[in-house]
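1. For reference, the sequence and a predicted model appear below.
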Amino acid sequence: MGKSPKKHLERIKRIAKKNGTPVFILDHEKIRQNYREFKESLPRIQAYYAVKANSNPEIVRTLYRMGASFDVASFPEFMIVHNNIKRLSRKARQDFIWDKIIYANTIKQVETLHQLDQYKPLVTYDNIAELRKIKKHCPHAGLCLRIRVPNTGSMVELSSKFGAHPGEAVDLILEAFNLGLVVEGISFHVGSQCNNFENYMQALQLSASIFRESGSRGHTIKILDIGGGFPVRYNNKAKSFRVLARRLNAEIDRLFPKDIEILAEPGRFMVANAGTLVAKVIGKAVRDGKTCYYIDDGIYHTFSGVIFDHCVYPIKAFKDGEKKVSAVFGPTCDALDTISVAEELPELELGDLVYAENIGAYSIASSTYFNGFPPAKVVHINR
Ligand SMILES: Cc1ncc(COP(=O)(O)O)c(C=O)c1O
């Protein structure tokens with residue numbers, strides 16, 4: 001950004017006045033800074049941006065230009081990335097897909113496998129049925145076995161849904177080779193917004209022992225994929241990414257051979273602080289003594305992360321004044337559309353603007369058209 005917070009606020013207010021509300025402002029300089037910070041802190045690790053966090057094609061374009069790699073979870077996400085390489089030569093395109101894209105959804109539809117096969121990507125799996133499906137419908141893919149690792153203390157847990165039990169891992173690797181497929185890597189995900197770094201440490205230990213056992217059975221694994229989970233500074237309670245990076249670097253060097261490839265799938269870390277939402281107060285009422293504001297964005301739209309991502313986005317006013325605890329609701333007719341029942345806000349009037357920061361990840365990505373209200377308009381700055 002490079003500007004004072006006051007100047008930045010004036011700028012986003014101007015953008016909202018010009019474009020109308022709700023408006024989702026994406027700062028590409030922040031995305032570039034996040035990518036640089038990630039690379040500097042984890043020099044051995046290739047960063048595969050997890051497109052699911054925010055699949056806006058302009059974000060993918062910015063990160064593509066920075067030299068990033070990509071984690072995709074569906075064929076449409078794959079094509080958003082592919083759009084950037086479609087003019088490369090056939091060989092350069094294939095090299096990019098092989099070196100810089102991972103299809104990191106362990107469960108794939110048969111139709112998707114058919115679509116993917118011609119691109120020969122790296123794909124994840126965590127069970128025998130998926131392995132057989134890949135053999136039949138996408139035999140040219142390389143494989144990465146995802147294992148289940150501890151998720152405690154992460155804001156979003158994923159281990160109940162994904163990952164082979166570490167005890168089954170070597171059998172699943174041997175089975176893949178028996179089928180004539182090639183397992184290139186082991187992956188895990190410690191849960192999103194991980195505030196418990198022991199999750200990573202235990203996951204690295206588990207992976208290292210699978211590497212060793214697989215090697216002793218004649219199959220050397222070449223890739224370690226440490227997934228996402230890198231914490232964002234939403235508030236003072238969030239743990240430091242830099243501290244995590246130091247621990248990861250030391251533990252990876254201690255446990256793994258120097259010549260393996262290490263990759264990560266950061267989603268939230270790349271985009272959370274790059275998104276700011278500006279909305280307008282469209283209604284006001286007093287209920288049980290509390291002032292309730294109704295704004296033109298809510299839980300079914302950019303604030304969907306309150307439900308799906310278990311995330312809290314403080315609502316802030318542009319104007320000053322004595323603050324009191326107020327409630328903030330979205331515009332739809334569902335009572336679930338409650339952004340906050342306890343927000344410290346000054347007295348606002350209809351037409352006043354409010355904003356929420358750090359709302360770039362898992363927010364507009366899951367916005368709906370509920371009640372006929374479309375997702376917020378996206379405006380790019382510092383592109
Ligand atoms: C397989 C996989 N990789 C990466 C990510 C991104 O995680 P994060 O946003 O915590 O970095 C997710 C998030 O759900 C995921 O499921």
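-> Now that the structure is in, tell me what you want to look at. A quick note: this is a predicted structure, and the numbers were derived from the prediction, not measured.
2. Check which helix or strand the closest residue to the ligand within the stretch 101-250 of the chain maps to.
-> Here the stretch 101-250 of the chain gets closest to the ligand at one residue, residue 228, 2.3 Å apart by CB to the nearest ligand atom. Any C-beta I mention is one placed from the backbone N, CA and C, and that applies to glycine too. According to DSSP states H and E, residue 228 maps onto no helix or strand at all.
3. burial of it, as a residue count?
-> For residue 228, the count of nearby residues is 27 (other CB atoms under 10 Å).
4. That one touches residue 266, doesn't it?
-> Yes. Here residue 228 reaches residue 266: they are 5.4 Å apart, a contact under CB atoms under 8 Å.
5. what's the overlap in contacts for those two?
-> Residues touching both residue 228 and residue 266 (CB atoms under 8 Å, 6 or more residues apart in numbering): residue 50.
6. In the sheet, which residues pair with the closest residue to the ligand within the stretch 1-150 of the chain? Tell me.
-> Residue nearest to the ligand within the stretch 1-150 of the chain: residue 50 (3.5 Å; CB to the nearest ligand atom). Counting by DSSP bridges, residue 50 forms beta bridges with residue 71.
7. separation between the closest residue to the ligand within the stretch 251-383 of the chain and residue 228?
-> The ligand sits closest to residue 267 of the stretch 251-383 of the chain, with a gap of 2.8 Å, by CB to the nearest ligand atom. Relative to residue 228, residue 267 is positioned 5 Å away (CB to CB, to the nearest Å).
8. just residue 243 next, same as before
-> Residue 243 sits 17 Å away from residue 228, going by CB to CB.
9. can you give me the helices in the stretch 1-150 of the chain?
-> Ranges of helices in the stretch 1-150 of the chain, per DSSP state H, counting those that start in this stretch, are 5-19, 28-41, 57-66, 75-82, 90-100, 110-117, 128-137.
10. Any idea how far the fourth one is from the middle of the chain?
-> Going by CA atoms, centre = their mean, to the nearest Å, the spacing between the C-alpha centre of helix 75-82 and its chain's C-alpha centre is 15 Å.
11. what packs against it?
-> Applying 3 or more CB pairs under 8 Å, 6 or more residues apart in numbering; DSSP states H and E, we find helix 75-82 packed against helix 57-66, strand 69-72, strand 101-103, helix 110-117.
12. What is the burial count for the residue nearest to residue 204 when sequence neighbours are not counted?
-> Spatial nearest neighbour of residue 204, chain neighbours left out: residue 251 (5.1 Å); criterion: CB to CB, 6 or more residues apart in numbering. Other residues near residue 251 come to 17 when the count uses other CB under 10 Å.
13. what residues are up against residue 251?
-> 200, 201, 204.
14. rewinding a little: which residues are in contact with both of residue 267 and residue 228?
-> With CB under 8 Å, 6+ apart, residue 267 and residue 228 have common neighbours 50, 71, 192.
15. what's around residue 199, how many residues?
-> Neighbours of residue 199 (other CB under 10 Å): 22.
16. That one: helix or strand, and which one exactly?
-> Taking DSSP H and E as the definition, residue 199 sits inside helix 198-216.
17. The nearest residue to residue 300 once chain neighbours are set aside: what's it in contact with?
-> Leaving aside its sequence neighbours, residue 300 sits nearest to residue 370 (CB to CB, 6+ apart; 3.9 Å). With contact set as CB under 8 Å, 6+ apart, residue 370 has these partners: 300, 301, 332, 334.
18. Output those in TSV; the columns should cover secondary structure.
-> Formatted as TSV, those follow (DSSP: H, G, I helix; E, B strand; the rest coil):
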residue	secondary structure
300	coil
301	coil
332	coil
334	coil
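19. can you list the residues of this protein near the ligand?
-> Counting by CB under 6 Å from any ligand atom, the positions of the chain adjacent to the ligand are 50, 53, 71, 104, 158, 189, 192, 227-230, 265-269.
20. which of the residues you listed are buried?
-> Among those, those scoring as buried are 50, 53, 71, 104, 158, 189, 192, 227-230, 265-269 (criterion: 16 or more other CB atoms under 10 Å).
21. Residue 318: which of those residues is nearest?
-> residue 268 (26.3 Å; CB to CB).
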